[in-house]
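> no sequence for this one, just the structure:
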């Protein structure tokens, strides 16, 4: 994947592939998006039961990296049957949308990105286009009050004032019109269709109708959506897999004016913002962007997961925001629907920091300079914020240097609301830290700089 890495970004379109929308309502919505800064992303599905990589082990072409945790079955066909049959055991009875939304509100998340369907094709919403879903009789969860998981979750988050992004996989490896039997390639040969859509236009047209139908269900029946977050970039016209997304987008925006679409990794007019995956640009990116990064090591639940420390999360958010982006922090629910306690503790620590310092995060834009050493800068109108990242074990000294080159008339430490004394030097602002804070380690300081 080295050829996809540029300026520290991985798994996404590059800045020069961005096409600025011409719809004024989409542009207005993009400004809303850029204000939000922090999203709660959640990968949840039948794969959660096994604690393995989501969907990808189904593809033989991706087996070298995706089946590392599949240590009980060597036969790929047998494994695929085991995986697909997990719809018959999926029963997350501890799923409590209110608890999920409580965490999001408490810890400063501003919008949700939730997997309505991953590449495996299992739907967490009551689609009419397939029986491979949580509401079907062969799924034990179908009798639960939250059987339509997407509706229950979206309704709860929306009621709490949070934005809604529907993650949807364009490729569907359960659909007989994508991985079709008896075609030029065997089923699961790779992540693409088993046939050439140009050679089988009737079959492909069935798939287009299927995909557009499900996306329209989400827009029409599960809205209002703020964002349609589309994964599976191999499904694009340049790759011979045209689902006529521009045609769909026009219809969707008749229902939801200004709807953002993130047709990730594709570029062009339907990728309203770009989405680095498990990576953060090393320089400011001048188009709208959002890094999706896991709170642990993986997007799906792992039984032996190791979670990022609160310091790592605070510094990650600062790096993303100071370079002009949003952070989509992925927390994967357990198979029973509850959230892992260690992940909740880490998110709560981030939320504690944001309660004191969120003014320097939300609604800001990049400053110039945006970084200097361990200090990052954000800006809101004429006000600049200096975010001082402290290393593990580093305690606050009585003085610190803020390498801000421009005018400064008043400095205030956020959280404490305390004015800070400072002197201008050739290297920047030499700031005096109150005695009460010296020797402490707050992960990062946020200082308001006013002219």
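Good, I have the coordinates. Worth saying up front: this structure is predicted, and the values here are computed from it rather than measured. Numbers count the residues shown, from 1 in each chain.

> how would you label residue 31: helix, strand or coil?
helix (DSSP: H, G, I helix; E, B strand; the rest coil).

> ok, now residue 401?
strand.

> Equivalent analysis for residue 449, please.
strand.

> Over to residue 61?
helix.

> Tell me the spacing between it and residue 394.
For residue 61, the distance to residue 394 equals 46 Å [C-beta to C-beta, to the nearest Å]. Backbone N, C-alpha and C define where each C-beta goes, glycine included.

> what do you get for residue 200?
61 Å.

> Pick out whichever of the two has more residues nearby.
Applying other C-beta atoms under 10 Å to residue 200 and residue 394 shows that residue 200 carries more neighbours, namely 18 against 12.

> Please name the residues that touch that one.
Counting by C-beta atoms under 8 Å, 6 or more residues apart in numbering, residue 200 touches 180, 183.

> Need the per-residue pLDDT for it.
Listed pLDDT for residue 200 reads 98.

> Which other helices and strands does the lengthiest helix in the chain contact?
If you go by DSSP state H, the chain has its longest helix at helix 201-221. Counting contacts by 3 or more C-beta pairs under 8 Å, 6 or more residues apart in numbering; DSSP states H and E, helix 201-221 packs against strand 163-169, strand 227-231, helix 245-255.

> now for the helix or strand just after the last one, which elements pack on it?
Using DSSP states H and E, the helix or strand that directly follows helix 245-255 along the chain is strand 260-263. For strand 260-263, the contact count by 3+ C-beta pairs under 8 Å, 6+ apart identifies helix 24-36, strand 227-231, helix 245-255 as packing neighbours.

> which residues are in contact with the second one?
What it means is strand 227-231. 33, 111, 113, 118-119, 163-170, 215, 218-219, 245, 252, 259-264, 270, 275.

> Show me just the buried residues among those residues.
For these, a burial check counting by 16 or more other C-beta atoms under 10 Å picks out 33, 111, 113, 118-119, 163-170, 215, 218-219, 245, 252, 259-264, 270, 275.

> Residue 332 reaches residue 307, doesn't it?
No: counting by C-beta atoms under 8 Å, residue 332 does not reach residue 307; the two are 10.7 Å apart.

> Which of these two has more residues huddled nearby?
Shown here are residue 332 and residue 307; by other C-beta under 10 Å, residue 332 has more neighbours (26 against 20).

> Looking at the closest residue to residue 188 other than its chain neighbours now. What's its pLDDT?
Closest residue to residue 188 apart from its sequence neighbours, by C-beta to C-beta, 6 or more residues apart in numbering: residue 60 at 5.1 Å. At residue 60, the predicted lDDT confidence score is 97.

> residues contacting residue 60?
Contacts of residue 60 by C-beta under 8 Å, 6+ apart are 76, 188, 189, 190.

> Report the two of the residues you listed separated the most.
76 and 190 (12.4 Å; C-beta to C-beta).

> could the helices and strands packed on strand 260-263 go into a markdown table alongside mean pLDDT?
Output for these, formatted as a markdown table (pLDDT from 0 to 100):
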| stretch | mean pLDDT |
| --- | --- |
| helix 24-36 | 98 |
| strand 227-231 | 98 |
| helix 245-255 | 98 |
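
> looking at these, which is buried most?
Among the helices and strands packed on strand 260-263, ranked by average contacts under mean count of other C-beta atoms under 10 Å, first place goes to strand 227-231 (a mean of 25).

> what is the orientation angle of it with helix 201-221?
150 degrees (axes from the mean of the first three to the mean of the last three C-alpha atoms, to 10 degrees).

> Neighbouring strands of strand 227-231 in the sheet, and parallel or not?
Using DSSP bridges, strand 227-231 pairs in its sheet with strand 163-169 (parallel), strand 260-263 (parallel).

> how about the ones you listed, which one is nearest residue 429?
Closest among the strands paired with strand 227-231, using C-beta to C-beta: strand 163-169, at 36.0 Å.

> list the helices and strands the least confident helix or strand in the chain by mean pLDDT packs on?
Lowest mean confidence among the helices and strands of the chain (mean pLDDT, DSSP states H and E): strand 418-420, at a mean of 90. Counting contacts by 3+ C-beta pairs under 8 Å, 6+ apart, strand 418-420 packs against strand 410-413.

> Work out the gap between the strand it packs on and the centre of the chain.
Centroid displacement of strand 410-413 relative to its chain, using C-alpha atoms, centre = their mean, to the nearest Å, is 33 Å.

> Residue 371: which of the helices and strands packed on strand 260-263 is closest?
helix 24-36 (18.6 Å).

> hmm, who's touching that closest one?
20-21, 110-111, 163, 226-227, 253, 257-260, 272-273, 288, 290, 326, 362-363, 365.

> any idea how far that helix is from the chain center?
17 Å.

> relative orientation of the longest helix of the chain and helix 245-255 in degrees?
20 degrees.

> got the buried residues for helix 201-221?
Of all the residues in helix 201-221, those buried under the rule 16+ other C-beta under 10 Å are 203-204, 206-208, 210-212, 214-215, 217-219.

> Need the residues you listed in a markdown table (columns: pLDDT and distance to residue 71).
Below are the buried residues of helix 201-221 laid out as a markdown table (pLDDT from 0 to 100; distance: C-beta to C-beta, whole Å):
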| residue | pLDDT | distance to residue 71 |
| --- | --- | --- |
| 203 | 98 | 36 |
| 204 | 98 | 37 |
| 206 | 98 | 37 |
| 207 | 98 | 34 |
| 208 | 98 | 38 |
| 210 | 98 | 34 |
| 211 | 98 | 34 |
| 212 | 98 | 39 |
| 214 | 98 | 33 |
| 215 | 98 | 36 |
| 217 | 98 | 37 |
| 218 | 98 | 35 |
| 219 | 98 | 40 |
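
> Quickly list what the closest residue to residue 262 other than its chain neighbours is bridged to.
Excluding the flanking residues, the one nearest residue 262 by C-beta to C-beta, 6+ apart is residue 229, at 4.8 Å. Under the criterion DSSP bridges, residue 229 forms beta bridges with residue 167, residue 262.
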